[in-house]
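> Provide a 3D model corresponding to the input given below.
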Amino acid sequence: MSQQVIAGQDHAPTKGVNSSDALQADTKPKSEQHLGFITLSVMLATIMQALDTTIANVALPHMQGSMGATQDQISWVLTSYIVAAAIFMPLTGFLTARLGRKRVFMWAVVGFTIASMLCGAAQNLEQIVLFRLLQGVFGASLVPLSQSVLLDSYPPERHGSAMALWGVGVMVGPILGPSLGGWLTEYYNWRWVFYINLPFGLLAWFGLAAYVKETPLDHSRKFDLLGFAMLSLAIGALQMLLDRGESLDWFSSREIVIEAIIAGMAFYLFVAHIFTHKHPFIEPGLFKDRNFSVGLIFIFIIGIILLATMALLPPFMQNLLGYPVIDVGYLLAPRGVGTMIAMMTVGKLAGKVDVRYQIFLGLMLTILSLWEMTGFNTNITGWDIVRTGIIQGLGLGFIFVPLSTITFATLAAKYRNEGTALFSLMRNIGSSIGISVVITYLAQHTQMNHAVFADYIHPFSFALQHAVDVHAVDLSTTQGMALLNAEVNRQAATLAYLQDFRLMMWVTLSAVPLVFLLKGVHKKSKH
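Okay, the predicted model is just below:
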């Protein structure tokens, strides 16, 4: 498919440029065994990076005590990684064109692994923030490069199976991250959440060195410094705004207002620049492909759902249901199992069932799980968490892999490295926005619900009078009033969580019309 698209371009590829023919000649594996080793190598790199998006979150309180840092200071451990990864991810396309995809991939694995070891060995806050920054710089290209390697290694009719394997690392990594991070922190030390990357990094590096072929170089590619600077400024300011907004009370803070203005102005200048510059940082031709453009909007919405749910469930289970952190990890793990089952099923269905039907099924399952979660209360069992988690995992699995396949099905091969970088970037930005929105929504609605519930606490309330009569609460003592207020807080927070789940259900519903904008692709392509 992509070969036919690129062949129809207005100009023939020049010597040294990543044409589809050259790409196929240089990257096509020699055998099924060779293909298997390539898949394993890039999967290891993907899992290593995907795990680190969430695994450190659980260890933050332990890091805070070890480093003697405040809550605001320790949050920079997460912020530095997120901002660095977001800024350097769009650079993937240019670096692979000038240096070669294999070379960039291998250096990224080496840099990420070394930075992980340095994070584990850090002795103070300044060191760990710096090393997490390096982790973000080197890790930015791992996921998009792994996706582009698999798309080029597998023939078009097997792209569905390839994306199913790739999706296991991308989707399951963030889901299992908190569970693994909690277990390592509980039984070993918070430093092991970083040291665990060493075996993944070593195996991935050896596999890439032995089995992945280098791509042709394009020395004619010019670096658009202004375009990169404007995009980096926009992304960096946006990520800072999202990460620090909740703690600074959003737009009541001068810092947040400044970051919003910088992000808006820089993005406007970037868009104006790429459509007027002769050699823009990101080729506008990318967005002429309808499936790719719709796919970017789609993955942005899925990014919101993917990590926002994982940001809400652990505190809901710990603070309101009373589960210890280890049990929280165990009860959330089946969500990842559901995702893996869906992805393996999608791999079997590749080329047999229209991917748009699979995406629609995934959306319906995700909506069903979120609708069930709006009925949660403080008396639910662990099975309720597991059941809804499996359904949601199945739904996300049926969305993510077919969406990854159809987004790149008609995109020209020369745009693949840039395209996969933008695809991952939109997913990450969606996740950042989703987490910020649901946490803010939770805090605001907890206060609003508390005010509403407090209106029912008056001498004429039959429920309150009954509680006093059965000695469940004693309003004549300070302790009794405190217990009553704590229960009002608990119920207000519970309703706020349910309102968050309902919000995410409506967000998922908003993605349904996008299915009808995607163009169907042939089950098989000539190549």
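
> And the average pLDDT for the host helix or strand of Gly236 is what?
Element membership of Gly236, judged by DSSP states H and E, is helix 225-244. The pLDDT scores in helix 225-244 average 85.

> Give the buried residues for it.
227-228, 230-244 (16 or more other CB atoms under 10 Å). Where you see a C-beta, it was placed from the backbone N, CA and C, and this is true even at glycine.

> Would you quantify the distance from His62 to Gly182?
Distance, His62 to Gly182, by CB to CB, to the nearest Å: 10 Å.

> Counting neighbours, go ahead and name the busier of those two.
The neighbour count for His62 versus Gly182, taken as other CB atoms under 10 Å, is higher for Gly182 (24 against 16).

> send the alpha carbons of stretch 422-440 over as PDB?
The C-alpha coordinates for stretch 422-440 follow below in PDB (Å, rounded to 0.1, in the frame of the first residue of the first chain):
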ATOM      1  CA  LEU A 422       4.000  12.300  16.000                       C
ATOM      2  CA  PHE A 423       1.700   9.400  16.700                       C
ATOM      3  CA  SER A 424       3.500   8.700  20.000                       C
ATOM      4  CA  LEU A 425       3.700  12.400  20.800                       C
ATOM      5  CA  MET A 426      -0.100  12.800  20.400                       C
ATOM      6  CA  ARG A 427      -0.700   9.800  22.700                       C
ATOM      7  CA  ASN A 428       1.700  11.300  25.300                       C
ATOM      8  CA  ILE A 429       0.100  14.800  25.200                       C
ATOM      9  CA  GLY A 430      -3.300  13.200  25.400                       C
ATOM     10  CA  SER A 431      -2.200  11.300  28.500                       C
ATOM     11  CA  SER A 432      -0.800  14.400  30.100                       C
ATOM     12  CA  ILE A 433      -4.000  16.400  29.500                       C
ATOM     13  CA  GLY A 434      -6.200  13.500  30.600                       C
ATOM     14  CA  ILE A 435      -4.400  13.100  33.900                       C
ATOM     15  CA  SER A 436      -4.400  16.900  34.600                       C
ATOM     16  CA  VAL A 437      -8.100  17.200  33.800                       C
ATOM     17  CA  VAL A 438      -9.300  14.200  35.800                       C
ATOM     18  CA  ILE A 439      -7.300  15.200  38.900                       C
ATOM     19  CA  THR A 440      -8.500  18.800  38.800                       C
END
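
> Which helix runs longest in this structure?
Counting residues, the longest helix in the chain under DSSP state H turns out to be helix 416-454.

> the inter-axis angle of the helix or strand hosting Phe112 versus helix 416-454?
In this assignment (DSSP H and E), Phe112 forms part of helix 101-121. Calculated by axes from the mean of the first three to the mean of the last three CA atoms, to 10 degrees, helix 101-121 forms an angle of 40 degrees with helix 416-454.

> Run through the neighbouring helices and strands of helix 101-121.
Other elements packing on helix 101-121 under the criterion 3 or more CB pairs under 8 Å, 6 or more residues apart in numbering; DSSP states H and E are helix 32-51, helix 92-99, helix 125-139, helix 142-153, helix 192-195, helix 197-211.

> mind listing what's buried in the first one?
This points to helix 32-51. For helix 32-51, the neighbour count (16+ other CB under 10 Å) marks 34-35, 37-39, 41-51 as buried.

> In this protein, which residue is most central in space?
Asn428 (4.7 Å; CA atoms, centre = their mean).

> Next one: that one from Ile47, what distance?
16 Å.

> ditto for Ile385
Note on Ile385: its distance to Ile47, by CB to CB, is 24 Å.

> do Ile262 as well
34 Å.

> Check Leu202 too.
Where Ile47 is concerned, Leu202 sits at a distance of 14 Å (CB to CB).

> What of Trp107?
Using CB to CB, Trp107 is found at 19 Å from Ile47.

> shouldn't Ser146 be in contact with Ile47?
No - the criterion here is CB atoms under 8 Å, and Ser146 misses it with Ile47 at 9.6 Å.

> Can you check which residues contact both of these two?
Jointly contacting Ser146 and Ile47 under the rule CB atoms under 8 Å, 6 or more residues apart in numbering are Gly169.

> what's around Trp250, how many residues?
15.

> Next, the contact list for it, please.
Taking CB under 8 Å, 6+ apart, we find Trp250 in contact with Ile256, Thr440.

> Now the nearest residue to Gln447 once chain neighbours are set aside: which helix or strand?
In space, and not counting its chain neighbours, Gln447 is closest to Ala492: 7.8 Å by CB to CB, 6 or more residues apart in numbering. Using DSSP H and E, Ala492 sits within helix 478-510.

> how many neighbours does Thr276 have?
Count around Thr276 with other CB under 10 Å applied: 9.

> Three-state assignment for it, please.
At Thr276 the chain is in coil, as set by DSSP: H, G, I helix; E, B strand; the rest coil.

> What pLDDT is listed against it?
If you check Thr276, the pLDDT there is 85.

> do the same with the one 3 residues further on
The predicted structure scores His279 at 80 on the pLDDT scale.

> Tell me the secondary structure at it.
coil.

> which stretch of helix or strand covers the closest residue to Leu226 other than its chain neighbours?
Once flanking residues are discounted, Leu226 sits nearest to His273: 6.1 Å by CB to CB, 6+ apart. Assigned by DSSP H and E, His273 belongs to helix 254-274.

> So what's the gap between the following helix or strand past that helix and the chain middle?
Proceeding N to C from helix 254-274, the next assigned helix or strand is helix 290-315, under DSSP H and E. On the basis of CA atoms, centre = their mean, to the nearest Å, helix 290-315 sits 7 Å off its chain's mean C-alpha point.

> Cheers, nothing more for now.
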